[in-house]
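Undergrad: got a predicted model here, sequence first, then my questions.
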Amino acid sequence: MRVELVWSPAAGDVQQRWLDVEEGATIESALRGCAGFSPPPGELRVGIWGRLRPLDTQLRERDRIEVYRPLTVDPKEARRQRHAKRGERIVSRHRPKAGSG
């Protein structure tokens, strides 16, 4: 069975690898069997297709295992910093209200 492993050892660096695992393998067994993958220090947070999952979760064909690094800055603070650097208003696009237009 093939699954995909994706992790980012550093900001801007995304690594991807396809793994061949046995039927009934868990996230933990897949990570242990992957040569060249060194998990980040501290608590390991992993997910499948963007949803956090425990390490004992059984894998299915073509699952995408994602290993998450801890956040280094609060997302709201990062947005404020980008805004201060650019000096322009950040506009989010919304759908027009019903009945207008």
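TA: Received, thanks.

Undergrad: where does the prediction get shaky in the protein?
TA: 39-42, 88-101 (pLDDT under 70).

Undergrad: roughly how far out does the helix or strand containing Ile65 sit from the chain middle?
TA: Here Ile65 sits within strand 64-68, counting by DSSP states H and E. For strand 64-68, the gap between its own C-alpha mean and the chain's C-alpha mean amounts to 5 Å (CA atoms, centre = their mean, to the nearest Å).

Undergrad: so which elements touch that strand?
TA: Packed against strand 64-68, as judged by 3 or more CB pairs under 8 Å, 6 or more residues apart in numbering; DSSP states H and E, are the following elements: strand 2-10, helix 27-32, strand 45-48. From N, CA and C alone the C-beta is placed, and that goes for glycine too.

Undergrad: recalculate using a threshold of 7 Å.
TA: Taking 3 or more CB pairs under 7 Å, 6 or more residues apart in numbering; DSSP states H and E as the contact definition, the neighbouring helices and strands of strand 64-68 are strand 2-10, strand 45-48.

Undergrad: wait, which of those strands is closest to Ala78?
TA: Of all these, the one in closest proximity to Ala78, counting by CB to CB, is strand 2-10 (15.6 Å).

Undergrad: after the closest one, heading C-terminal, what element do we hit next?
TA: Where DSSP H and E defines the elements, the next helix or strand beyond strand 2-10 is strand 13-20.

Undergrad: what lies in contact with that following strand?
TA: Contacts to strand 13-20, defined as CB atoms under 7 Å, 6 or more residues apart in numbering, come from residues 2-9, 30, 34.

Undergrad: run the last query once more with 8 Å
TA: Defining contact as CB atoms under 8 Å, 6 or more residues apart in numbering, one finds that strand 13-20 is touched by 1-9, 30, 33-34, 36-37.

Undergrad: biggest separation within those residues, which pair?
TA: Using CB to CB, the contacts of strand 13-20 span at most 25.6 Å, a distance reached by Met1 and Pro9.

Undergrad: still on that earlier bit, please save the CA atoms from the strand holding Ile65 in CSV.
TA: Extracted in CSV, the C-alpha atoms of strand 64-68 (Å, rounded to 0.1, in the frame of the first residue of the first chain):
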residue,chain,number,x,y,z
ARG,A,64,-1.3,11.9,3.0
ILE,A,65,0.6,11.9,6.3
GLU,A,66,1.5,15.5,7.3
VAL,A,67,4.0,16.3,10.1
TYR,A,68,3.4,19.7,11.6
